[in-house]
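J.: from the sequence below, what's the structure:
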Amino acid sequence: MYWGKIIGTALGLATLKPWFVLAGLFIGHQFDKGFASRYHAFEKQSANIGRVSDDFVRALFQVIGHLAKVDGRVSEDEIRASRLVMHQLGLNPSQVRRAIAWFEEGKQPGFPLRQKMREVRRVGARSAAQRLTFVRLLLEVVLAKEGLKNKERALIWQVCTELEIGRVELAQLEAMIRAQKGFKRSPAGDADAARISAAYRMLSVKADASNDEIKKSYRRLMNRNHPDKIAGSNPSAEVVAEAERRTREVRGAYELLKARRSIR
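T.: The predicted structure is shown next:
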């Protein structure tokens with residue numbers, strides 16, 4: 001993590017004063033330290049979001065809908081990112097339908113953003129970790145498209161103000177998400193996406209399948225392919241080896257999706 005040091009040093013150099021260069025380097029270093037800490041903490045948290053309250057989910061998708069619509073139209077990237085957030089939260093089909101309805105509510109004119117955020121702070125996200133998670137998931141959607149307008153940034157800052165999240169924390173969250181986006185567009189990110197796609201194919205499900213559907217398919221395939229299930233038919237060594245290989249592949253695919261989608 002070094003972008004803070006690069007930017008801080010560059011700003012210091014622009015003043016042509018050595019002390020400002022050192023100050024910029026120091027401030028950038030402090031930012032990078034906080035960013036790295038935040039990045040690894042959220043990597044760990046992303047693997048185990050756990051259950052959140054209906055109040056949290058309702059407010060999250062209402063605010064996502066409000067921010068997605070504020071520039072006049074909801075982009076396909078924002079819709080796709082909203083679906084990914086639903087997967088991260090492990091919503092079942094009925095919960096997904098409710099989340100979509102809440103998204104539509106947030107799009108309506110006159111949505112009371114400030115009042116909604118105060119409700120979130122009171123009942124939906126009482127802890128600092130929950131409030132940071134709320135903003136992170138919100139940013140994952142609004143940063144899915146290219147560029148943010150001033151009005152959108154102003155609304156995001158209004159959300160952060162009501163949730164007592166400072167500008168440095170917001171900057172770290174945005175930097176983290178943009179770094180993740182950059183990774184996804186890199187060769188390593190392409191390889192990672194290929195592994196995810198292969199895992200879905202191995203479990204015979206589509207990428208938009210619910211977590212419950214993935215679990216059911218995994219159990220069905222394990223029941224069908226596990227070597228213990230064919231032991232009674234006195235199978236050959238080749239058949240047993242193939243069953244073991246298939247079982248390992250199914251289990252590996254499930255473990256990968258389980259981690260990425262926070263399947264419990």
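J.: from memory residue 71 sits against residue 149, does it?
T.: Yes: at 5.7 Å, residue 71 counts as touching residue 149 under the criterion of Cβ atoms under 8 Å. Quick note: C-beta positions are derived from backbone N, CA and C, even for glycine.
J.: out of these two, which sits in the busier spot?
T.: residue 71 (16 against 11; other Cβ atoms under 10 Å).
J.: could you look up the SS state of the more buried one?
T.: Of the three states, residue 71 takes coil according to DSSP: H, G, I helix; E, B strand; the rest coil.
J.: distance of residue 149 from residue 72?
T.: Distance of residue 149 to residue 72, given as Cβ to Cβ, to the nearest Å: 10 Å.
J.: and the helix or strand hosting residue 192, what does it pack against?
T.: Residue 192 belongs to helix 187-202 when assigned by DSSP states H and E. If contacts are counted by 3 or more Cβ pairs under 8 Å, 6 or more residues apart in numbering; DSSP states H and E, helix 187-202 sits against helix 167-184, helix 237-261.
J.: minimum distance to residue 203: which of those has it?
T.: Proximity to residue 203, assessed across the helices and strands packed on helix 187-202 by Cβ to Cβ, is greatest for helix 237-261 (5.3 Å).
J.: contacts for that closest one?
T.: Residues outside helix 237-261 that contact it (Cβ atoms under 8 Å, 6 or more residues apart in numbering): 47, 87-88, 90, 195-196, 198-200, 202-203, 211, 214, 218, 221-222, 225-227, 229-230, 235, 263.
J.: I'd like to know which of those are buried.
T.: 87-88, 90, 199-200, 202-203, 211, 214, 218, 221, 225-227, 263 (16 or more other Cβ atoms under 10 Å).
J.: those in helices, which ones?
T.: 87-88, 199-200, 202, 211, 214, 218, 221, 225, 227 (DSSP state H).
J.: run a quick neighbour tally on residue 123.
T.: 12.
J.: ignore what I typed, I meant residue 264.
T.: Residue 264: 11 neighbours (other Cβ under 10 Å).
J.: not counting sequence-adjacent ones, nearest residue to it?
T.: Excluding its sequence neighbours, the residue lying closest to residue 264 (Cβ to Cβ, 6 or more residues apart in numbering) is residue 90, at 6.4 Å.
J.: would you agree that neighbour is in contact with residue 211?
T.: Yes: Residue 90 is in contact with residue 211 according to Cβ under 8 Å; the separation is 4.8 Å.
J.: give me the common contacts of those two.
T.: Common neighbours of residue 90 and residue 211 (Cβ under 8 Å, 6+ apart) are 261, 263-264.
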